[in-house]
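>>> sequence and predicted structure are below.
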Amino acid sequence: MLKVGVLGASGRMGQAVVTALGQSEKAELTAAIVRSTSSVFGKELDNGLKYTSLKNINAQNIDVLIDFSLPEALEENLTYALQSKLPVVVCTTGLTDKQQQMLATASEQIPVLYARNTSVGVALLEQLVALASAALSTADIEIFEAHHKHKKDAPSGTAIALGEAAAKGRHQDWSTVNTGVRGDGVRQDESIGFSVMRAGDIIGEHQVTLATEGERIELGHKVSNRNTFAQGAINAGLWLYRQKPGNYGMQDILELNKVFSQLLKQ
Ligand SMILES: NC(=O)C1=CN([C@@H]2O[C@H](COP(=O)(O)OP(=O)(O)OC[C@H]3O[C@@H](n4cnc5c(N)ncnc54)[C@H](OP(=O)(O)O)[C@@H]3O)[C@@H](O)[C@H]2O)C=CC1
Ligand SMILES: O=C(O)C1=N[C@H](C(=O)O)C[C@H](O)C1
């Protein structure tokens, strides 16, 4: 059994991972990690473990860390992973460029998998978007995303990843074409803009539109249960535990790059 430490264990996603681990035959929860100021700190979980903080855990009881906390916690979490030489699956979104650089630097010493969306469907969608963007090289590309009213970052990490995939399909520099959330003004050619909805309990929806005069393609993905993300993160942990230090993504696990390049050769 893979021993998993969950960072941000009290949150919406942390709880989904805790539940999924309780039902897994391949991985188990060995540390439910929260801030020492968390309202659940010290409380007991169903399996008898207590919510604890990084300062109080024993790294010997952990094979891999899964991080579903918030960007504010990234540095402390990564420092712990480095000191303890533990692989870490980072699922937090809204990271700054500097924080993403921290992940790259850490990956020289430990295996790091950064997944802004751990679902299989979004990993595939990224490939489809890159392909469609390359094939319809003059189409206008816009990205819509919808999430629950508690979400803090916008556009979502997934929406940004889809924008990056679209730019990659056209060999464009993302920072040049990224226009952020659309506002006033006429659309500039090649710009990629975002529309954002925050409402109710929407778990996560994304749609990429490629529009030309007279027609448009819409590529989308909807999640109806957080277990989808939780299972993806656990599978990522099971895979990452066997890897050497390096910077990985969901594409590496699913080997989608290989599938697509073989398909395109036919
Ligand atoms: N990659 C993916 O597939 C997905 C990624 N996400 C991302 O995961 C993250 C968490 O989402 P969600 O579960 O909805 O968020 P929640 O707000 O429900 O949970 C956040 C968690 O982080 C903890 N936390 C908050 N602030 C700090 C801090 N300063 N230091 C340490 N821990 C802190 C909270 O603990 P407490 O307050 O108890 O101390 C809580 O456990 C977000 O970035 C979200 O975008 C979400 C879904 C899927
Ligand atoms: O905060 C969320 O809930 C989600 N965040 C991720 C993101 O920002 O892309 C993934 C998912 O869509 C849910």
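Cool, the structure landed. Numbering: from 1, shown residues only. Ligands and ions are numbered 1, 2, ... in the order given.
>>> contacts for the longest helix anywhere in the chain, please.
Counting residues, the longest helix found in the chain (DSSP state H) is helix 120-135. Where contact means Cβ atoms under 8 Å, 6 or more residues apart in numbering, the residues beyond helix 120-135 that reach it are 117, 139, 141, 158, 161-162, 165-170, 206, 208, 210, 217, 219-221, 223, 228, 232, 250-251, 254, 256-257, 260. C-betas here are computed from N, CA, C, even on glycine.
>>> whichever of those end up buried, select them in ChimeraX.
Applying 16 or more other Cβ atoms under 10 Å to the contacts of helix 120-135 leaves a buried subset, and the ChimeraX line that selects it is:
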select :117,139,141,158,161,162,165,166,167,168,169,170,206,208,210,217,219,221,223,228,232,250,251,254,256,260
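>>> in strands only, show me the contacts of helix 120-135.
In strands, judged by DSSP state E, the following of those are found: 141, 206, 208, 210, 217, 219, 220, 221, 223.
>>> test my guess that the first one contacts residue 216.
No: Residue 141 is beyond contact range of residue 216, at 10.3 Å (criterion: Cβ atoms under 8 Å).
>>> what's the overlap in contacts for those two?
209, 210.
>>> can you give me the strands in the chain?
According to DSSP E, the chain carries its strands in the segments 2-7, 27-33, 64-67, 88-90, 111-114, 140-147, 178-181, 192-198, 204-212, 215-223, 246-248.
>>> could I get those as a markdown table with distance to ligand 1?
Output for these, formatted as a markdown table (distance: least, Cβ to the nearest ligand atom, whole Å):
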| stretch | distance to ligand 1 |
| --- | --- |
| strand 2-7 | 7 |
| strand 27-33 | 8 |
| strand 64-67 | 8 |
| strand 88-90 | 8 |
| strand 111-114 | 9 |
| strand 140-147 | 8 |
| strand 178-181 | 16 |
| strand 192-198 | 12 |
| strand 204-212 | 7 |
| strand 215-223 | 8 |
| strand 246-248 | 14 |
